[in-house]
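**Student:** Coordinates for the following, if possible.
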Amino acid sequence: MLVKVFGSAVYGVEATTITVEVNVASGIGYHLVGLPDNAVKESSYRITAALQNNKFKLPGKKIIINMAPADLRKEGSAYDLTFAIGILAASGQIKAENISEYLIMGELSLDGSLQPIRGSLPIAIQAKKEGFKGFILPEQNAREAAIVSGLDVYGVNNITQVIDFFDRDLDLEKTVINTRETFFKSLDNLEHDFADVKGQESIKRCMEIAAAGGHNIILIGPPGAGKTMLAKRLPTILPPMTLQEALETTKIHSVAGRIRDNIGLMAQRPFRSPHHTISDVALVGGGAYPQPGEISLSHNGVLFLDELPEFKRGVLEVMRQPLEDREVTISRAKFTVTYRSSFMLVASMNPSPGGYFNDPGSPVTSSPYEMQRYLSKISGPLLDRIDIHIEVTPVPFEKLSEERKGESSIKIRERVTRAREIQTKRFEALEHINYNAQMGPRQILEFCKLDDASKNLLKTAMERLNLSARAYDRILKVSRSIADLEGSEGVKGDHISEAIQYRSLDREGWLA
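**Tutor:** Okay, here's the model as predicted:
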């Protein structure tokens, strides 16, 4: 008897429906075809044990399972439940009248319980597009799949529940969530808050400007100055994610298997902080079966690279193109996948190998030459993509011992959101530009016009501080963000003078 059951495969962040044809006929043997990988091939052992432990059996006949389209590589253990239900239906052990109306996925344990799968959100989106009535999957993934309205989602714990659903017409409990209500309720549940940061008012101001214009930023300072603490709080002052951004972000994390159990839509902007020993493939994505890397997992959020000079130079260089294109494309012989990677880069570093400034009172001091050699580990083209450089100094005892709390992240975020709204309106006619950091030479010329006094101020600063040529555009972009925070139509002299302070690494003799 031939039965067709439906599963799904995920390539990039999109799903493709897989038709699983199960034929049980006279003879002997178990044959699985359709380009399965080793994890798919091993499913026969899991299925056999799961059926036996739930009072069913693998029929002692010739079983042929074809996964169509047969020219696409199938990977992972998520087809166990699909195969098992197909085998039971094809061998006449259960009824199969409406089995084709449902998409069935899940990894089986030997006792018949189900383990979570990856990519349930893109699978659910594709199932709805193709008109499936429902999606049966492990309970741990049910809330994630239930984000998709118009599709019945059934989260199950054991294969017996699925068997009873088809064979005995026992109802399964639908997983229903109000996507919008859940999303908006979670927007202000902030894990970190700028109110916890003592002192560092100038750095907070700098990070507010970075958030307002989407500028990449590097923090330079000795150990214990608060660089990591500040970086962790940056996502909390970025504008709240839109529903579309939340869906994009959740899809990427779903494909990577990074969604926590019983979590539906991701409402908070991601914060990723990979260790400096990371490989280039782990950072940008790839592998034999491509998976999203850290830069894609940071999409719509923040990528924090602590101790930037400690990263391998080759690893940092592969980020250059994704920083410009806001996406990364991974090509293989038979297919190409593209992952979105629009993130804010926040980097931190010590000013010297010993970690401290050139201060005789510090525990470890380094000569100006050692500091310069340490800084030179970061390439010019990468620094070129970082708009703001700021020095972070240790917080004095008086500030640390203050009981008064600082300004909250929600208050700062309100100002940032207003500035972003100005930019959204400004760039509404431009397809690939959403905020100031993405401006090119034409937009800078159009939207960052200076009066004669501001031009003279910028010229004087560049000459006296020996600022490099690449600092010019960056100063204008940051000035535009400062003006937007103030609600100013034009860029003024005080905006320029503040932006000049945020180019520390461009100054000759900075370490002298």
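
**Student:** Report the central residue of this protein.
**Tutor:** In the chain, the centroid-proximal residue (Cα atoms, centre = their mean) is residue 297; its distance is 2.3 Å.

**Student:** so what's it up against?
**Tutor:** By Cβ atoms under 8 Å, 6 or more residues apart in numbering, the residues touching residue 297 are 252, 253, 256, 258, 270, 272. Any C-beta I mention is one placed from the backbone N, CA and C, and that applies to glycine too.

**Student:** With pLDDT, secondary structure and neighbour count added, can I get those in TSV?
**Tutor:** Shown next, in TSV, are the contacts of residue 297 (pLDDT from 0 to 100; DSSP: H, G, I helix; E, B strand; the rest coil; neighbours: other Cβ atoms under 10 Å):
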residue	pLDDT	secondary structure	neighbour count
252	94	helix	25
253	93	helix	23
256	90	coil	19
258	87	coil	15
270	93	coil	21
272	95	strand	19
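
**Student:** Any buried residues in stretch 152-160, and which?
**Tutor:** 152, 153, 154, 155, 156, 158, 159, 160 (16 or more other Cβ atoms under 10 Å).

**Student:** So the third one lies in a helix, does it not?
**Tutor:** Yep, that's residue 154 we're talking about. No. Residue 154 sits outside any helix when classified using DSSP: H, G, I helix; E, B strand; the rest coil, being strand.

**Student:** Tell me who's in contact with it.
**Tutor:** Listed by Cβ under 8 Å, 6+ apart, the contact partners of residue 154 are 134, 135, 136, 137, 142, 165, 172, 173, 174, 175.

**Student:** Same check on the fifth one?
**Tutor:** The contact partners of residue 156, by Cβ under 8 Å, 6+ apart, come to 106, 114, 136, 137, 138, 139, 162, 172.

**Student:** The third one - how many residues pack around it?
**Tutor:** The one in question is residue 136. Counted with other Cβ atoms under 10 Å, residues neighbouring residue 136 total 25.

**Student:** cool, and the fourth one?
**Tutor:** Applying the criterion other Cβ under 10 Å, we find 28 residues in the vicinity of residue 137.

**Student:** Just the mean pLDDT for the helix or strand where it lies, thanks.
**Tutor:** Using DSSP states H and E, residue 137 maps to strand 134-138. In this model, strand 134-138 has an average pLDDT of 96.

**Student:** biggest strand in the chain by residues?
**Tutor:** When the chain is parsed with DSSP state E, its longest strand is strand 14-25.

**Student:** helices or strands next to that one in the packing?
**Tutor:** In terms of contacts (3 or more Cβ pairs under 8 Å, 6 or more residues apart in numbering; DSSP states H and E), strand 14-25 is packed against strand 2-11, strand 62-68, helix 80-90, helix 120-129.

**Student:** mind running it again at 10 Å?
**Tutor:** Here strand 14-25 touches strand 2-11, strand 29-33, strand 62-68, helix 80-90, strand 102-104, helix 120-129, helix 243-255, going by 3 or more Cβ pairs under 10 Å, 6 or more residues apart in numbering; DSSP states H and E.

**Student:** Sheet-wise, list the partners of that strand with their directions.
**Tutor:** Here strand 14-25 has these sheet partners by DSSP bridges: strand 2-11 (antiparallel), strand 62-68 (antiparallel).
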